[in-house]
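S.K.: Here's a sequence, model it:
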Amino acid sequence: MDDLEFRKRAIIDPHDQTAEFLEKTRQSNNNQKLVEQQRHFDQQLSETLRINTPDNLAERIILNQQLAEHKASHQHNRQKTRQRKWFMGSIAASIFAITLSFILWPALWTPATIDGNQLAEQVLSHYYQDTHALNVDMNVAKNNIDTMLASYGGKLNDPIGQVAFLGHCIVGGHTGVHLVLNTPQGQVTVLILPTQPINHTYPLHDQQISGIVYPSKKGSIAILTEHAEVISSTRQRLDSSLNWII
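M.R.: Residues are numbered from 1 along each chain as shown. The predicted model follows:
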């Protein structure tokens, strides 16, 4: 099993118990760390997805269907206008209450803004701990990126360029999406961190790399590269394409 096949298996099924996968895992600390990260992410994702279904969800769906049917029949039965106006009023009030609850419910789960300077340090640390991501070329398709983003409620409206690496990452104890883009100027690392919101843009730099971590519609995004001139264009491409559905 070569390194590329091992990484694909680790991302798809980090709990693979086949002999060749286990043997490849034991061959290096990086391989063991990758499998541990993916297993940890799977556990966190499973816990995150254990969200109770809202009360009376079935009744709410039926209520919406009844409203649509009522509007259609209203056009053909003018004799019951007064009665149906009352019915629509009660339905509208119910729909408003349901809509308001769904608007407010995500707000209750919105994480608090975190320290941007601390996040910037954690991003830099992760970049150097996960340098193996710069040494592979998976030629990732857009639909694979969308599949991973979907677990956080996001998708790409348009391609963002040639993606050489795609994987989960753990930054500051929170999971996110790790991308490496190939550009004419060189490689660019992108970390999408949906659960770590910040208020401002913070610089990332040392003797080797430059970058930024900045607020997104959901959480934050970090861009790191040895070629500072591509940071702005990469940010524009991400901001115009990344869409948070939830």
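S.K.: Show residues contacting stretch 140-152.
M.R.: Surrounding stretch 140-152, the residues in contact under the criterion Cβ atoms under 8 Å, 6 or more residues apart in numbering are 45, 155-156, 159-160, 163-166, 168, 176-177, 179, 192, 194-195, 218, 242. Where C-beta positions appear, they are placed from N, C-alpha and C, glycine not excepted.
S.K.: Kindly recompute the last result at 10 Å.
M.R.: By Cβ atoms under 10 Å, 6 or more residues apart in numbering, the list of residues contacting stretch 140-152 from outside reads 11, 41, 45, 48-49, 138, 154-160, 162-168, 175-181, 192-195, 218-219, 241-246.
S.K.: next SSE after the least confident helix or strand in the chain by mean pLDDT?
M.R.: Lowest mean confidence among the helices and strands of the chain (mean pLDDT, DSSP states H and E): helix 81-109, at a mean of 53. The element immediately downstream of helix 81-109 (helix or strand, assigned by DSSP states H and E) is helix 116-129.
S.K.: In strands, which of the contacts of stretch 140-152 appear?
M.R.: 154-156, 162-168, 175-181, 192-193, 242-244 (DSSP state E).
S.K.: Now the buried members of those residues.
M.R.: Buried members of these, counted by 16 or more other Cβ atoms under 10 Å: 154-156, 163-168, 175-181, 192-193, 242.
S.K.: CA atoms of stretch 10-27 as CSV?
M.R.: Output in CSV follows, covering the C-alpha atoms of stretch 10-27 (Å, rounded to 0.1, in the frame of the first residue of the first chain):
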residue,chain,number,x,y,z
ALA,A,10,-7.4,6.7,6.7
ILE,A,11,-9.8,9.6,5.7
ILE,A,12,-12.6,7.2,4.5
ASP,A,13,-12.3,4.6,7.3
PRO,A,14,-9.8,5.3,10.0
HIS,A,15,-11.0,2.2,11.9
ASP,A,16,-10.0,-0.1,9.0
GLN,A,17,-8.7,-3.4,10.6
THR,A,18,-7.1,-5.0,7.5
ALA,A,19,-3.6,-6.3,8.0
GLU,A,20,-2.1,-4.0,5.3
PHE,A,21,-3.7,-0.9,6.7
LEU,A,22,-2.6,-1.7,10.3
GLU,A,23,0.9,-2.5,9.1
LYS,A,24,1.1,0.8,7.1
THR,A,25,-0.1,2.6,10.2
ARG,A,26,2.7,1.2,12.3
GLN,A,27,5.4,2.2,9.8
